[in-house]
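Asker: test case, fold it:
(2 chains)
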Amino acid sequence: GNSVTQMEGPVTLSEEAFLTINCTYTATGYPSLFWYVQYPGEGLQLLLKATKADDKGSNKGFEATYRKETTSFHLEKGSVQVSDSAVYFCALRSSGNTPLVFGKGTRLSVIA
Amino acid sequence: GAVVSQHPSWVICKSGTSVKIECRSLDFQATTMFWYRQFPKQSLMLMATSNEGSKATYEQGVEKDKFLINHASLTLSTLTVTSAHPEDSSFYICSARASGRAPETQYFGPGTRLLVL
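Answerer: Next up is the predicted model:
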């Protein structure tokens, strides 16, 4: 079946450090890939997405590239801020209206 | 952006009692709502999908008589955990999607933490 594996946290970084959160997936066909972010006390929000191979999703300085050859969708940011502290979820949808499949989430803490 | 609220944000109850969790879409009409469950250090697991005015569709392994879902209006869905037991303790998250929106425009509530003693 479809599944998402992402690196376990927590991840603690200093402000302005480079961030990578690894995500790999297993799916049949050509899924769409997503990163969601959950800030403290709030619901999950869509951060970025990519719907086909080699697409790059980007938002708020975060980027992730859909790599079919490595079945990966790693999240990166060049310079994190304290306000980026949150839980990040990698997810996939295999097709159409099928349910999202989530990874376990990675908690990021950025310290000043 | 669209907002989804959940109430209560956390609840502690005794074993054998029933607990109702409300999910509301505050600024849009949600024709479809989803209920997820998350165990510590685990991913969100979809429990059921409900469309307004019709019965919920439960995922395999989810007891529909245990987890009662009602989606009576376009802005409200409720999840009732009946005769709760300690193993039902978990983090429950609802999500809502408006009619005609792309699948990824799914808005999530902040979650409800349930602890059954």
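Asker: what's opposite B:T80 in the beta bridge?
Answerer: Taking DSSP bridges, one obtains B:K20, B:L68 as the residues bridged to B:T80.
Asker: centroid-nearest residue for chain B?
Answerer: Nearest residue to the geometric centre of chain B (Cα atoms, centre = their mean): B:W35, 3.4 Å.
Asker: what about A:Q45, neighbour count?
Answerer: As a burial measure, A:Q45 scores 16 neighbours (other Cβ atoms under 10 Å in any protein chain shown). Glycine gets a C-beta too; all of them are placed from N, C-alpha and C.
Asker: ignore what I typed, I meant B:L44.
Answerer: 26.
Asker: go on, the one 3 residues further on?
Answerer: Close neighbours of B:M47, defined as other Cβ under 10 Å, add up to 23.
Asker: isn't there a strand covering the residue nearest to the centre of chain B?
Answerer: Yes - counting by DSSP: H, G, I helix; E, B strand; the rest coil, B:W35 is located in a strand.
Asker: that one touches B:M47, doesn't it?
Answerer: Yes - the criterion here is Cβ atoms under 8 Å, and B:W35 meets it with B:M47 at 4.6 Å.
Asker: for chain B, which residues are neighbours of chain A?
Answerer: Selection of chain B residues close to chain A by Cβ under 8 Å from any Cβ of the partner chain yields B:1, B:4, B:34, B:41-44, B:46, B:49, B:59, B:93, B:95, B:103-111.
Asker: quick one, which of these are buried?
Answerer: Buried by 16 or more other Cβ atoms under 10 Å in any protein chain shown: B:4, B:34, B:43-44, B:46, B:49, B:93, B:95, B:106-111, out of the residues of chain B next to chain A.
Asker: tell me which of those is nearest to A:S32?
Answerer: Proximity of those to A:S32 (Cβ to Cβ) peaks at B:Q106, which lies at 12.3 Å.
Asker: what's the separation between the closest one and A:E16?
Answerer: As judged by Cβ to Cβ, to the nearest Å, B:Q106 and A:E16 stand 33 Å apart.
Asker: now do B:N51
Answerer: 46 Å.
Asker: comparing these two, which residue is more hemmed in?
Answerer: Taking neighbours as other Cβ under 10 Å, B:N51 and A:E16 compare with B:N51 leading, 15 against 11.
Asker: before we move on, the earlier item: strands - which of the buried ones among the residues of chain B next to chain A land there?
Answerer: Judged by DSSP state E, those include B:4, B:34, B:44, B:46, B:49, B:93, B:95, B:106-108 as members of strands.
Asker: kindly reformat these as TSV and extend each row with pLDDT.
Answerer: Formatted as TSV, those follow (pLDDT from 0 to 100):
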residue	pLDDT
B:V4	91
B:F34	93
B:L44	88
B:L46	92
B:T49	92
B:I93	95
B:S95	93
B:Q106	82
B:Y107	88
B:F108	90
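Asker: nearest to A:Y25 among these?
Answerer: B:L44 (15.1 Å).
Asker: the lowest-mean-pLDDT helix or strand in chain A packs against which elements?
Answerer: Taking mean pLDDT, DSSP states H and E as the measure, chain A has strand A:101-102 as its least confident helix or strand, at a mean of 91. Strand A:101-102 sits against strand A:3-6, strand A:86-93, with contacts defined as 3 or more Cβ pairs under 8 Å, 6 or more residues apart in numbering or on different chains; DSSP states H and E.
Asker: with that, I have no additional questions.
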